[in-house]
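Undergrad: need a 3D model of the sequence below.
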Amino acid sequence: MDGRIESGPGGIMFKLKRFMPRRDGQAAPRHAFKRKRIFPDMEDMGDSKGNVVMMVTDGASIPNPREWRLVNAWSISIVGAIGTIFALCAIWPEPYLRILRYLPDGVLVTFEITILSICFAVPLGLLTGLGRISRNRFICLLASTYVEVIRGIPLLVQLFYIYYALSRFFQVSGITSAVTSISICYGAYMGEVFRAGIMAIPKGQSEAARSLGFNRFQTMFFVVLPQAWRTILPPVGNECIAMLKDTSLVSILAVPDIMQRARSFVGTTYLYFETYTVVALIYLVITLILSKCVSHMEGRLNFYDGK
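TA: Numbering: from 1, shown residues only. Down below sits the predicted model:
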């Protein structure tokens, strides 16, 4: 078994190439054991060349869209989280039920920031990815500089800089600062995801489109991107889920999200353990539901491939 490691903005990808030894000691081609499955899930994790692909990302674990078993990691996690919330509220209604009644406004603000950030970060990431592969050296340099600079500055520092440092020149609200910071930060990471997905499409697809009379714009948006989206969706979904979790940082700007509501509740009751236990469970439930949605969309995209 041979392999190589590729690093990316969303994590690390390991590609393992499988070989089967022959009697003469040399490696046989893969088709020599094409039907022999050493590991049960190898075919599910393979790419178009038959290599095993394993991705380690900083987002949530996307469930396998082909996983239909009733008992799996996702179902255990979601049932355990929801069951724990109900059990705590049933056994100790005070203070857990009071905490749950205090947090819904923060959940709405968290979703508002996340949705707005996604709406700005995804187009920004697409433009950055296209800029990174552009033949125009100035555009490529500009996009590459943006990626290198933004990825080198922590999101927390960006939040402080936009909200506090730039207030010397103009005033912006907490939600505007949060959306701007998260969009700029994740736009850089998504730019690398889009670039990798576009470059994964064989050049023959572009050449065939150009031979049919398509210009570069039509080739990219009608031929390359629709094919690349199936590769791009899982890491982009991971980044969006990680974006939702990182909205917890905006509480330092006094934005009334889940964490800020929890901090204000703790400030009056001093129930640290109970409050942050509920907050952790709420984030877990939201993340698991979103990861299942991404898995469902991935399954719909791969439906006609039989994957």
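
Undergrad: now do the strands in this protein.
TA: Secondary structure of the chain (DSSP state E): strands at 2-8, 11-17, 20-21, 27-28, 52-57.

Undergrad: quick one: average pLDDT of the fourth one?
TA: Read it as strand 27-28. Per-residue pLDDT over strand 27-28 has a mean of 47.

Undergrad: how about the last one?
TA: For strand 52-57, mean pLDDT rounds to 46.

Undergrad: now do the first one
TA: Within the predicted structure, the mean pLDDT of strand 2-8 is 44.

Undergrad: the third one now?
TA: Averaged across strand 20-21, pLDDT comes to 45.

Undergrad: give me the low-pLDDT residue ranges for the stretch 51-200 of the chain?
TA: 51-69 (pLDDT under 70).

Undergrad: all helices for this structure, in order.
TA: 73-91, 93-102, 104-132, 137-151, 155-160, 174-199, 203-211, 216-219, 225-246, 258-269, 272-301 (DSSP state H).

Undergrad: most packed of these?
TA: helix 174-199 (a mean of 23; mean count of other CB atoms under 10 Å). The way it works is simple: take the backbone N, C-alpha and C, and place the C-beta from them, glycine included.

Undergrad: how far out from the middle of the chain is it?
TA: 11 Å (CA atoms, centre = their mean, to the nearest Å).

Undergrad: just checking, what packs against it?
TA: Packing contacts for helix 174-199, counted by 3 or more CB pairs under 8 Å, 6 or more residues apart in numbering; DSSP states H and E, involve strand 2-8, helix 104-132, helix 137-151, helix 155-160, helix 225-246.

Undergrad: the ones you listed: which one's closest to residue 77?
TA: helix 225-246 (13.7 Å; CB to CB).

Undergrad: now do the contacts for the spatially closest residue to residue 260 that is not a sequence neighbour.
TA: Closest residue to residue 260 apart from its sequence neighbours, by CB to CB, 6 or more residues apart in numbering: residue 251 at 3.9 Å. When contacts are counted by CB atoms under 8 Å, 6 or more residues apart in numbering, residue 251 touches 257, 259, 260, 263.

Undergrad: and stretch 262-271, how far out from the chain's middle?
TA: Its chain's C-alpha centre and that of stretch 262-271 lie 31 Å apart, by CA atoms, centre = their mean.

Undergrad: for the spatially most central residue of the chain, give its distance to residue 275.
TA: Residue closest to the average C-alpha location in the chain (CA atoms, centre = their mean): residue 238, at 1.6 Å. Using CB to CB, to the nearest Å, we find residue 238 at a distance of 28 Å from residue 275.

Undergrad: what of residue 261?
TA: Distance of residue 261 to residue 275, computed by CB to CB: 9 Å.

Undergrad: returning to that earlier point: looking at the helices of the chain, which is nearest to residue 168?
TA: Using CB to CB, the helices of the chain put helix 155-160 closest to residue 168, at 12.9 Å.

Undergrad: CA atoms of the closest one as CSV?
TA: Extracted as CSV, the C-alpha positions of helix 155-160 are listed here (Å, rounded to 0.1, in the frame of the first residue of the first chain):
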residue,chain,number,x,y,z
LEU,A,155,-10.7,35.1,13.7
LEU,A,156,-10.8,36.5,17.3
VAL,A,157,-8.2,39.1,16.3
GLN,A,158,-10.2,40.0,13.2
LEU,A,159,-13.3,40.5,15.3
PHE,A,160,-11.5,42.9,17.7
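
Undergrad: doesn't residue 255 make contact with residue 113?
TA: Yes: using CB atoms under 8 Å, residue 113 is in contact with residue 255, at 7.2 Å.

Undergrad: what do those two both touch?
TA: Common neighbours of residue 113 and residue 255, using CB under 8 Å, 6+ apart, are 175, 178.

Undergrad: surely residue 182 is in contact with residue 162?
TA: No: applying CB under 8 Å, one finds residue 182 not in contact with residue 162, separated by 10.2 Å.

Undergrad: so who does the residue nearest to residue 177 when sequence neighbours are not counted touch?
TA: In this structure, residue 177 finds its nearest non-sequential neighbour in residue 163, 4.0 Å apart by CB to CB, 6+ apart. Contacts for residue 163 (CB under 8 Å, 6+ apart) come out as 172, 174, 177, 181, 253.

Undergrad: what of residue 231?
TA: So, once contact is read as CB under 8 Å, 6+ apart, residue 231 ends up touching 196, 197, 200.

Undergrad: domain assignment for this protein?
TA: Segmentation of the chain into domains, based on automatic domain parsing, reads 2-57, 73-305.

Undergrad: circling back: distance to residue 293 and pLDDT added to the contacts of residue 251, as TSV?
TA: As requested, the contacts of residue 251 are exported to TSV (distance: CB to CB, whole Å; pLDDT from 0 to 100):
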residue	distance to residue 293	pLDDT
257	21	92
259	23	94
260	26	93
263	29	93
